[in-house]
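**Q** take a look and give me a structure for this.
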Amino acid sequence: MPVKPKMIIILTPTLGKIDMQWCQTLSNIAYPMNIQRGFIPARDLKGGQIGQLRNKLVDICMKLEVEHDIEIDSVLWLDDDVLMNKLGMLTLLAHDADIAAGVYFSKGNPSFPLIFPGAAAGTTKFQPGKVFESWGYAQGLSVVKFSVYKRIIEAGLVEKDEYGSWSFFKQPDLSINEKGVMTAGGTEDFHFFRLAEQIGIKPIVDCTKHAFGFHHDLRTNIGYPEEQWRQYEKQQPIVWKTPEGEVVWD
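**A** Now for the predicted structure:
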């Protein structure tokens, strides 16, 4: 039997305004050898429907597999305001995990690492150089094996959204957790974190140099966390202060 061509596809939900620095990031990404590649963007024309866009992108990938008789090995979620290292994809793929994510921080000051120990449980401290498991992670800089979405469907955990795509992602609403406490907040990917947990997946978060990304504000041309962004702009080593001392990325 002939082997189906394997692909890795970059998926980008966007509002349509993309920075030149981000385009440079995209063009510099290193791919693994001997594998086909693709890039699929989808634009939010209504505003506030990033969850539906993520669902649409996964749906497009599922149709591509059937229509072109290919196998999508993994997808790299790269949001249109995340500046990743050119070795980021290779670094995350090297874990050979169901889900492996890099790290970027929230915009603004103070800025927090988008690493979540659980729903409505705050954020985990950034630990430069460390790799660990986490319930939630920075969705816009993550590699997900495409089989994960199929396993969620097979487990009967998802329905179709308003556009006919499987609802892996959706905007959060008020809910009551297992302790009877009302919870809210999070983003559209918190729903996916819960689905992954239900099929036994423990995502890996990689806090090493090549898996890190800056969360870039196109309007102000500031990346976050701002202190390390200023160092990056000046082509200086990036310095992280930790309880064990400074960690320096040359």
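
**Q** what segments of the protein are helices?
**A** Taking DSSP state H, the helices of the chain run over residues 20-28, 50-68, 88-93, 147-154, 190-198, 226-233.

**Q** ok, which of those comes nearest K160?
**A** Of all those, helix 50-68 sits nearest to K160, with 8.8 Å by C-beta to C-beta. From N, CA and C alone the C-beta is placed, and that goes for glycine too.

**Q** rewinding a little: hey, which of the helices of the chain is tucked in deepest?
**A** Mean neighbour count (mean count of other C-beta atoms under 10 Å) peaks for helix 88-93 among these, with a mean of 22.

**Q** in CSV, list the C-alpha atoms belonging to it.
**A** C-alpha atoms of helix 88-93 as CSV (Å, rounded to 0.1, in the frame of the first residue of the first chain):
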residue,chain,number,x,y,z
GLY,A,88,9.9,26.8,17.8
MET,A,89,8.0,24.2,15.7
LEU,A,90,11.0,21.8,15.8
THR,A,91,11.3,22.3,19.5
LEU,A,92,7.7,21.5,20.2
LEU,A,93,7.5,18.5,17.8
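
**Q** how near is I8 to Q231?
**A** Distance, I8 to Q231, using C-beta to C-beta, to the nearest Å: 31 Å.

**Q** OK, contacts around the closest residue to N55 other than its chain neighbours?
**A** Among residues not flanking N55 along the chain, S165 sits closest, at 3.9 Å (C-beta to C-beta, 6 or more residues apart in numbering). Taking C-beta atoms under 8 Å, 6 or more residues apart in numbering, we find S165 in contact with Q52, N55, K56, V58, D59.
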